[in-house]
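Chemist: Provide a 3D model corresponding to the input given below.
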Amino acid sequence: MQPPPPPAARASYVPAPGASEVFQLLRDGQPRTRAELAQLTGLARSTVASRVDTLMRLGLVAPYGGAASTGGRPPSLFALNPGARVVVGADVGATHALVVMSDLSGAELASDEARINIADGPEAVLGWLIDTIRALLGRAGRAPAELAAIGIGLPGPVEHQTGRPMNPPIMPGWDRYDVPGRVQRAFDVPVLVDNDVNIMALGEQSAFWPDTSDFMFVKVATGIGAGIISGGALQRGAQGTAGDLGHVRVPRGGGVVCRCGNTGCLEALAGGPALARALNEPAGGSLATSQEVIDLVRSGDGTAIQAIRQAGRDIGDVLAACVNLINPSVIVIGGSLAQAGEHLLAGIREVIYRRSLPLATEHLRVVPSVAGARAGVRGAAVMAIDHVLSPESIAAASAP
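Modeler: Residues are numbered from 1 along each chain as shown. Here you go, the predicted model:
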């Protein structure tokens, strides 16, 4: 099987009608007969038979059970063969990485995680990732030739078309580094790279909200950002910075200086380090991390609870504008500070429902993440699977 076209080629590649059109009907896993496929596509039965044979040669489609006969020979059923290939999803954070190998249905086959330091640079971190992928292939009993694509999430802005990090603030040595090129020296497959909150949005939506096409995932941690799915498609923006909520000015911001150089940014008031500083000031405390803030909230400390509730209100101020602008039907709150539970959510909901248009909030749900720490790695795998099974990739693989 020839590898699918690289991500950069996808925007201009227009597949011819054929095997890809038939395959997209089988992606949902529901078995269908050749007659059903012909009826759904409008193609001739002989053409459908030829397309199915092509997909079977690629291993992407296989016979499935048997269909009921209405007289004569029973018709054959065909369905997606999820075990034909495997993909890897990697969620690489500032200090921790999680990697999974899955089949084409998203079923996990093997996984690994480790403490890493993104500041060690791309050679060290990606070297570890390559070694981990090799180990997962061995553990799952799969050959390198069965690997179809790799999806990677990174904790900074990424130019999705090239997979290169762009001026990432906590990733020294990574700026414009050719991440796909480095990984492809070890594995000759498409390598897709995106920022962490975008893959978290993909992971949460695909697993728990698959029928929701207008969706936001908000990560509240050291920084604050959102992955935005609108009309069923992930919105990255012109330079990949769509959803950077942390640097939107909020009414309570005043002259508070943000690490970006501006004043009044949401992150400078509601991010984990900002909350730790605010709780330290009155009593000269020693809080330093988001987890310490969460632990204080969970202990029932009234001051910490009020601080996290106010952080929710500040986040709600920004999200209220988003609700009016893009009208999502679901907003999921994730990230480390989401572990503070209902105190954060209550503040967010309070302002969103007060400040947004009634029509925009009529059916809006603001809920905590279900996937939690695995949202990102799920999304990285989904990104890889969607590329492998896209019409462009199937058409290229089935081309004579």
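Chemist: from the chain's centre, how far out does stretch 152-167 sit?
Modeler: 13 Å (CA atoms, centre = their mean, to the nearest Å).
Chemist: Glu36: which element?
Modeler: Applying DSSP states H and E as the criterion places Glu36 in helix 34-41.
Chemist: which helices and strands sit right next to the next helix or strand after that helix?
Modeler: Using DSSP H and E, the helix or strand that directly follows helix 34-41 along the chain is helix 45-58. Helices and strands touching helix 45-58, by 3 or more CB pairs under 8 Å, 6 or more residues apart in numbering; DSSP states H and E, are helix 19-26, helix 34-41, strand 61-63, strand 77-80, helix 391-398. C-beta coordinates here come from the backbone N, C-alpha and C atoms, glycine included.
Chemist: again, 7 Å this time
Modeler: helix 19-26, helix 34-41, strand 61-63, helix 391-398 (3 or more CB pairs under 7 Å, 6 or more residues apart in numbering; DSSP states H and E).
Chemist: quick one, the first one and helix 391-398 angle?
Modeler: Translated: helix 19-26. 120 degrees (axes from the mean of the first three to the mean of the last three CA atoms, to 10 degrees).
Chemist: who are the packing partners of helix 19-26?
Modeler: By 3+ CB pairs under 7 Å, 6+ apart, helix 19-26 packs against helix 34-41, helix 45-58, strand 77-80, helix 391-398.
Chemist: and the last one, by the same measure?
Modeler: Contact partners of helix 391-398 among helices and strands, from 3+ CB pairs under 7 Å, 6+ apart: helix 19-26, helix 45-58.
Chemist: which stretch among those is buried most, on average?
Modeler: Ranked by mean neighbour count, the helices and strands packed on helix 391-398 are led by helix 19-26 with a mean of 22 (mean count of other CB atoms under 10 Å).
Chemist: quick check: Met56 vs Gly246, distance?
Modeler: 49 Å (CB to CB, to the nearest Å).
Chemist: just to revisit the earlier point, next, format the helices and strands packed on helix 391-398 as CSV and append distance to Ala338.
Modeler: As requested, these are exported to CSV (distance: least, CB to CB, whole Å):
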stretch, distance to Ala338
helix 19-26, 35
helix 45-58, 41
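Chemist: so which of those helices gets nearest Val86?
Modeler: helix 45-58 (14.7 Å; CB to CB).
Chemist: with only the CA atoms kept, save that closest one in CSV.
Modeler: Output in CSV follows, covering the C-alpha atoms of helix 45-58 (Å, rounded to 0.1, in the frame of the first residue of the first chain):
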residue,chain,number,x,y,z
ARG,A,45,-23.2,-2.7,-9.5
SER,A,46,-20.2,-3.8,-11.6
THR,A,47,-18.4,-0.5,-10.7
VAL,A,48,-19.2,-1.0,-7.0
ALA,A,49,-17.9,-4.6,-7.2
SER,A,50,-14.6,-3.4,-8.7
ARG,A,51,-14.3,-0.7,-6.0
VAL,A,52,-14.9,-3.2,-3.3
ASP,A,53,-12.3,-5.5,-4.8
THR,A,54,-9.8,-2.7,-4.7
LEU,A,55,-10.5,-1.9,-1.1
MET,A,56,-10.2,-5.6,-0.2
ARG,A,57,-6.8,-5.7,-1.9
LEU,A,58,-5.8,-2.8,0.3
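Chemist: who touches it?
Modeler: 1, 18-19, 22-23, 34-35, 37-38, 41, 61-62, 78, 397-398 (CB atoms under 7 Å, 6 or more residues apart in numbering).
Chemist: same thing with stretch 154-162?
Modeler: By CB under 7 Å, 6+ apart, stretch 154-162 touches 7-8, 92-94, 118, 165-171, 193-196, 236, 240-241.
Chemist: alpha carbons of that stretch, as CSV, please.
Modeler: This file holds the C-alpha atoms of stretch 154-162, laid out as CSV (Å, rounded to 0.1, in the frame of the first residue of the first chain):
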residue,chain,number,x,y,z
LEU,A,154,2.5,19.7,21.4
PRO,A,155,2.2,22.3,24.2
GLY,A,156,2.5,25.3,21.9
PRO,A,157,1.3,27.0,18.7
VAL,A,158,1.8,24.8,15.6
GLU,A,159,1.6,25.5,11.9
HIS,A,160,-0.6,22.5,11.1
GLN,A,161,0.2,22.3,7.4
THR,A,162,3.9,21.9,8.1
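Chemist: now that stretch: average pLDDT?
Modeler: Stretch 154-162 carries an average pLDDT of 91.
Chemist: same thing with stretch 362-370?
Modeler: Rounded mean pLDDT across stretch 362-370 is 96.
Chemist: for that stretch, buried residues please.
Modeler: Buried residues in stretch 362-370, defined by neighbour count with 16 or more other CB atoms under 10 Å: Leu364, Val366, Ser369.
Chemist: hmm, back to that, same list (the helices and strands packed on helix 45-58) but as CSV, adding distance to Leu104 and mean pLDDT.
Modeler: Below are the helices and strands packed on helix 45-58 laid out as CSV (distance: least, CB to CB, whole Å; pLDDT from 0 to 100):
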stretch, distance to Leu104, mean pLDDT
helix 19-26, 11, 86
helix 34-41, 19, 90
strand 61-63, 11, 91
helix 391-398, 12, 86
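Chemist: quick one: which of the ones you listed is nearest Val183?
Modeler: helix 391-398 (17.9 Å).
Chemist: got the angle for that closest one vs helix 45-58?
Modeler: Using the same axes, to 10 degrees: helix 391-398 against helix 45-58 is 80 degrees.
Chemist: just the C-alphas of helix 391-398, formatted as PDB.
Modeler: C-alpha atoms of helix 391-398 as PDB (Å, rounded to 0.1, in the frame of the first residue of the first chain):
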ATOM      1  CA  PRO A 391     -11.200  10.400   0.700                       C
ATOM      2  CA  GLU A 392      -7.900  11.900  -0.500                       C
ATOM      3  CA  SER A 393      -5.800   9.200   1.100                       C
ATOM      4  CA  ILE A 394      -8.000   6.300   0.000                       C
ATOM      5  CA  ALA A 395      -8.100   7.700  -3.600                       C
ATOM      6  CA  ALA A 396      -4.300   8.000  -3.600                       C
ATOM      7  CA  ALA A 397      -3.800   4.500  -2.200                       C
ATOM      8  CA  SER A 398      -6.200   2.900  -4.700                       C
END
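Chemist: neighbours around the residue nearest to Gly59 when sequence neighbours are not counted, how many?
Modeler: In space, and not counting its chain neighbours, Gly59 is closest to Ala84: 3.9 Å by CB to CB, 6 or more residues apart in numbering. Ala84 sits with 18 neighbouring residues when counted by other CB atoms under 10 Å.
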